[in-house]
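In: my questions concern the predicted model and sequence given below.
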Amino acid sequence: MKFGGHVMASILAAACGRSVLAFVPSSSRLVAKQLNSATVKSVSDARFHSAATISNAASTRLFSAVVEKGAAAAAEEEEEDLPTNESDIDLLKLRHTSAHVMAMAVQQTFPEAQTTIGPWIDNGFYYDFYFPETTDEETGEVVPSRKLSDQDLKKVKKAMDKIISKNYPITREEVSREEAKRRIEEIGEPFKLEILDSIKTEPITIYGIGEEWWDLCAGPHVESTGQLPKKAIALQSVAGAYWRGDENREMLQRIYATAWKDPKQLKAYKKRMEEAKKRDHRVLGKKLDLFSIQEDAGGGLVFWHPKGSTVRRKIEDFWKEEHIEKGYDIVYTPHIANLDLWKTSGHFDFYAEGMFDQMDVENEVYQIKPMNCPFHCLMYKDTIRSYRDLPFRWGELGTVYRYERSGTLHGLMRVRGFTQDDAHIFCLPEQLQSEIVDVLELTKTILTRFGFNKYELMVSTRPEKSVGSDQIWDDATAALVGALDELGWEYGTDEGGGAFYGPKIDLKIKDAIGRTWQCSTVQCDFNLPERFDLEYVSAEGTKERPIMVHRAIFGSLERFFGILIENCAGELPFWLTPTQLRLLPVTDSVQDYCKEVAAKANKMGLRVEVDRGNERLAKQIRNAEQGRIPVMAVVGVKEMEQGTLAVRSRKEGDLGSFNVDDLLAELKRCDEDAIEMTKMGEVPKKEEEEEN
């Protein structure tokens with residue numbers, strides 16, 4: 001392709017995106033790889049601006065985008081993907097057996113240890129132990145309970161390796177409840193008695209490691225300890241945990257560990273964790289002055305600083321615009337309500353532990369809201385509805401408050417006050433599948449804008465305890481599955497994993513370093529329409545129940561913001577960054593010129609600020625780069641006289657001098673189209689102009 005003037009390098013890439021085909025389902029990834037192996041010349045939906053065709057670039061544009069991604073690079077990304085428990089049953093078995101081996105090793109090393117539970121988790125497993133006080137046999141003195149150290153973990157790992165080397169068979173045995181109780185009492189494991197009492201089914205299954213050790217367990221496991229890869233298992237840390245999560249019960253010591261199928265996977269995981277530390281949203285949030293948790297105000301309550309508020313406002317505005325375009329109405333509801341509302345909805349009966357205490361208001365009891373859905377039900381019920389009115393799509397960025405124990409709070413990921421991007425759809429049964437399709441497509445649109453284009457989907461079906469008829473469950477589940485099939489998206493099935501009130505689709509996004517995060521959910525609800533007696537008048541004049549759909553895309557703004565910060569390591573995309581351009585005055589004499597340029601830019605909707613200019617230029621540049629400001633402009637007397645700006649990119653360095661109006665117009669386009677700047681250069685002429 002020919003260009004007028006110099007050849008211009010690729011200067012824009014899709015905001016946060018690493019692939020030009022954003023949000024493709026797993027079944028289409030081969031096609032995506034093939035397309036990404038060559039220069040992409042067009043995109044099907046210009047709204048995402050994953051790439052812009054240079055041949056169609058207007059000559060007035062300073063920026064253009066070309067995505068070049070070789071097959072080797074794509075293959076390299078695939079190699080970095082680590083298996084999950086959901087995708088690899090052998091990995092799950094390995095981790096589960098490793099937890100048992102670790103428990104056996106702990107009790108061999110420290111005989112006083114009592115075992116509790118040891119489940120597999122996303123990246124490995126943990127096991128909780130209770131260390132009671134003991135008595136010194138020689139002196140008779142009471143020895144305080146053991147506090148596990150890093151050195152202790154090394155001893156445990158060494159004992160684990162010996163158990164693995166002996167290749168003990170893993171045995172499964174079914175016993176009666178009475179026999180299980182007898183065996184537990186015989187070995188003095190009081191916590192296991194409580195676990196036994198919580199098991200409601202029979203027979204009781206026991207898994208053993210040879211004849212040496214056993215545990216109550218439902219499985220699954222590998223066939224023998226020799227199948228565990230010693231060099232792919234690592235003990236990580238020790239943390240405190242209350243038994244049953246009850247701060248009034250015993251404090252246990254939890255050993256966290258990771259386990260993989262081979263040392264290569266373990267190495268990749270450790271590399272991922274090292275990268276995760278660099279991306280910690282709590283550290284970056286403070287460093288970039290985005291948010292804080294003020295302990296003087298209480299744990300788990302987020303303070304959005306001006307810069308963070310700017311980003312949040314952009315997220316909210318985009319969310320609202322996309323929803324309105326898709327036929328949603330935006331609503332607002334109160335933060336508290338009479339306790340009777342929460343009794344009607346069932347939240348007071350089923351979720352009381354997650355709700356804050358009630359307050360007395362003029363001899364009536366009020367509850368701060370933990371959820372938005374009951375308010376939307378009241379709004380629906382406010383007037384008679386006809387089948388002709390449906391569907392209703394009501395979206396709300398509603399702040400809710402839920403009680404979380406202080407020990408579980410974690411930055412923005414787990415808080416006590418958060419804003420759900422909630423929406424509820426009230427529709428006819430025959431409208432359900434098309435509504436689910438629309439929700440999934442909207443989810444794709446929104447998540448792609450933020451650079452999330454890899455995901456996992458799971459359909460969860462009817463659990464043992466549920467409300468609603470067999471027919472309505474079957475129809476709703478068929479609608480969810482039908483919507484996914486219609487879109488051609490791959491999904492897994494979690495049999496019996498649905499909520500008691502309806503089946504659901506859960507979506508996990510994958511971030512830049514391969515971690516998965518639960519964000520989006522689509523849930524059918526047969527419970528609330530019944531509890532609130534929601535009705536519509538059918539074509540036959542009868543009163544019928546509408547189908548209610550709960551759905552969220554971010555989950556909560558706070559948590560999604562934390563995920564976003566970690567995904568981009570604080571390098572927010574141009575359209576989201578709090579300050580898009582900072583002007584760096586070389587002398588005081590150009591301050592007024594800088595302020596005029598900033599005022600013009602801000603009037604256009606850009607976020608531009610002027611450095612105070614009381615530092616040397618090198619320090620101004622360094623401060624801007626440390627603040628993750630993507631574009632800087634050095635302003636001296638020459639620039640003021642010529643009406644230009646000497647532009648510098650944080651990523652690419654000095655880029656040259658540009659007319660103010662041209663630069664601002666192009667930055668505005670990048671802001672509106674979510675295009676990420678990487679380089680600038682001479683403007684390419686249109687291909688047809690070259691031909692002329």
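Out: Arrived safely. Residues are numbered from 1 along each chain as shown.

In: report the secondary structure state of the spatially most central residue of the chain.
Out: For the chain, the residue nearest the mean C-alpha position is residue 517 (3.4 Å; CA atoms, centre = their mean). What DSSP: H, G, I helix; E, B strand; the rest coil gives for residue 517 is strand.

In: surely it touches residue 507?
Out: No - under the criterion of CB atoms under 8 Å, residue 517 makes no contact with residue 507, lying 9.8 Å away. Any C-beta I mention is one placed from the backbone N, CA and C, and that applies to glycine too.

In: just the buried residues of stretch 86-97, please?
Out: Buried residues in stretch 86-97, counted by 16 or more other CB atoms under 10 Å: 91-97.

In: next, format those as CSV and append pLDDT, secondary structure and distance to residue 287.
Out: What follows is the buried residues of stretch 86-97, written out as CSV (pLDDT from 0 to 100; DSSP: H, G, I helix; E, B strand; the rest coil; distance: CB to CB, whole Å):
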residue, pLDDT, secondary structure, distance to residue 287
91, 96, helix, 36
92, 96, helix, 38
93, 96, helix, 42
94, 97, helix, 38
95, 97, helix, 35
96, 96, helix, 39
97, 97, helix, 42
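
In: which one of those residues sits closest to residue 191?
Out: Minimum distance to residue 191 across the buried residues of stretch 86-97 is 18.7 Å, recorded for residue 96 (CB to CB).

In: leaving out the residues flanking it, which one is nearest to the closest one?
Out: Counting by CB to CB, 6 or more residues apart in numbering, residue 96 lies nearest to residue 120, which is 5.1 Å off, once chain neighbours are set aside.

In: and what of residue 543?
Out: In this structure, residue 543 finds its nearest non-sequential neighbour in residue 535, 4.5 Å apart by CB to CB, 6+ apart.

In: so who does that neighbour touch?
Out: Residues near residue 535 by CB atoms under 8 Å, 6 or more residues apart in numbering: 385, 543-546.

In: before we move on, what about residue 534?
Out: Contact analysis of residue 534 by CB under 8 Å, 6+ apart lists 377, 380-381, 426, 528, 545-546, 548.

In: low pLDDT regions in the stretch 551-692 of the chain?
Out: Applying pLDDT under 70 to the stretch 551-692 of the chain picks out residues 676-692.

In: no, scratch that, I was asking about the chain
Out: Along the chain, segments meeting pLDDT under 70 span 1-80, 676-692.

In: ends of stretch 403-416, how far apart?
Out: The straight-line separation of the ends of stretch 403-416 (CA to CA, to the nearest Å) is 6 Å.

In: one more: stretch 133-149?
Out: 17 Å.

In: distance between it and the chain's centre?
Out: Mean-position distance between stretch 133-149 and its chain equals 44 Å (CA atoms, centre = their mean, to the nearest Å).

In: kindly report the same for stretch 279-291.
Out: Mean-position distance between stretch 279-291 and its chain equals 17 Å (CA atoms, centre = their mean).

In: how about stretch 609-618?
Out: How far stretch 609-618 lies from its chain's middle: 37 Å, per CA atoms, centre = their mean.

In: on that earlier part again, with secondary structure added, can I get the contacts of residue 535 in TSV?
Out: Putting the contacts of residue 535 into TSV (three-state DSSP) gives the following:
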residue	secondary structure
385	coil
543	strand
544	strand
545	coil
546	coil
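
In: can I get those residues in TSV with neighbour count?
Out: Shown next, in TSV, are those (neighbours: other CB atoms under 10 Å):
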residue	neighbour count
385	18
543	11
544	16
545	16
546	22
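
In: closest to residue 142 out of those?
Out: Set against residue 142, the nearest of the contacts of residue 535 by CB to CB is residue 545 (64.0 Å).

In: residue contacts, the closest one?
Out: Contacts of residue 545 (CB under 8 Å, 6+ apart): 529-530, 534-535.

In: need the three-state assignment for residue 633.
Out: Assignment for residue 633 (three-state DSSP): strand.

In: helix or strand: which one has the residue nearest to it when sequence neighbours are not counted?
Out: Nearest non-adjacent residue to residue 633, counting by CB to CB, 6+ apart: residue 645, 3.8 Å away. In the assignment (DSSP states H and E), residue 645 maps to strand 644-649.

In: that strand versus strand 631-635: what angle between them?
Out: Here the directions of strand 644-649 and strand 631-635 differ by 140 degrees (axes from the mean of the first three to the mean of the last three CA atoms, to 10 degrees).

In: follow-up on the earlier one: for the residue nearest to the centre of the chain, list each beta-bridge partner.
Out: Residue 517 has these beta-bridge partners by DSSP bridges: residue 509.

In: same question for residue 458.
Out: residue 492, residue 506.

In: quick one, what contacts it?
Out: 86, 491-494, 497, 505-508.

In: can you flag the buried ones in those residues?
Out: By neighbour count, with 16+ other CB under 10 Å, the contacts of residue 458 hold 491, 494, 505-508 as buried.

In: for those, give me CSV that also has distance to residue 523.
Out: Converted to CSV, those look like this (distance: CB to CB, whole Å):
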residue, distance to residue 523
491, 15
494, 13
505, 8
506, 9
507, 12
508, 15
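
In: and which of the residues you listed is nearest residue 539?
Out: Proximity of these to residue 539 (CB to CB) peaks at residue 505, which lies at 29.4 Å.

In: ok, the closest one - contacts?
Out: For residue 505, the contact set (CB under 8 Å, 6+ apart) comprises 436, 440, 457-460, 480, 484, 491, 521-523.

In: can you classify the spatially closest residue to it that is not a sequence neighbour as helix, strand or coil?
Out: Counting by CB to CB, 6+ apart, residue 505 lies nearest to residue 522, which is 4.5 Å off, once chain neighbours are set aside. Look at residue 522: counting by three-state DSSP, its state is strand.

In: so residue 522 makes contact with residue 484?
Out: No - using CB under 8 Å, residue 522 is not in contact with residue 484; the gap is 10.1 Å.

In: which element is residue 285 on?
Out: Counting by DSSP H and E, the element that carries residue 285 is helix 281-287.

In: mind giving me the packing neighbours of that helix?
Out: strand 291-293, helix 557-567 (3 or more CB pairs under 8 Å, 6 or more residues apart in numbering; DSSP states H and E).

In: what's the shortest one in contact with?
Out: Strand 291-293 is touched from outside by 285-286, 299-305, 308, 411-412, 415, 561, with contacts defined as CB under 8 Å, 6+ apart.

In: so of these, which ones are in strands?
Out: 302-304 (DSSP state E).

In: name the element the residue lying closest to residue 343 once chain neighbours are set aside belongs to?
Out: Leaving aside its chain neighbours, residue 343 sits nearest to residue 349 (7.1 Å; criterion: CB to CB, 6+ apart). Taking DSSP H and E as the criterion, residue 349 maps to helix 347-350.

In: return the list of helices and strands in contact with that helix.
Out: Looks like helix 347-350 contacts helix 339-345 (3+ CB pairs under 8 Å, 6+ apart).

In: which helices and strands does the helix it packs on pack with?
Out: Against helix 339-345 (3+ CB pairs under 8 Å, 6+ apart) you get helix 347-350, strand 364-368, helix 373-380, helix 528-531.

In: most tightly surrounded among those?
Out: When those are scored by mean count of other CB atoms under 10 Å, the highest mean neighbour count falls to helix 373-380 (a mean of 21).
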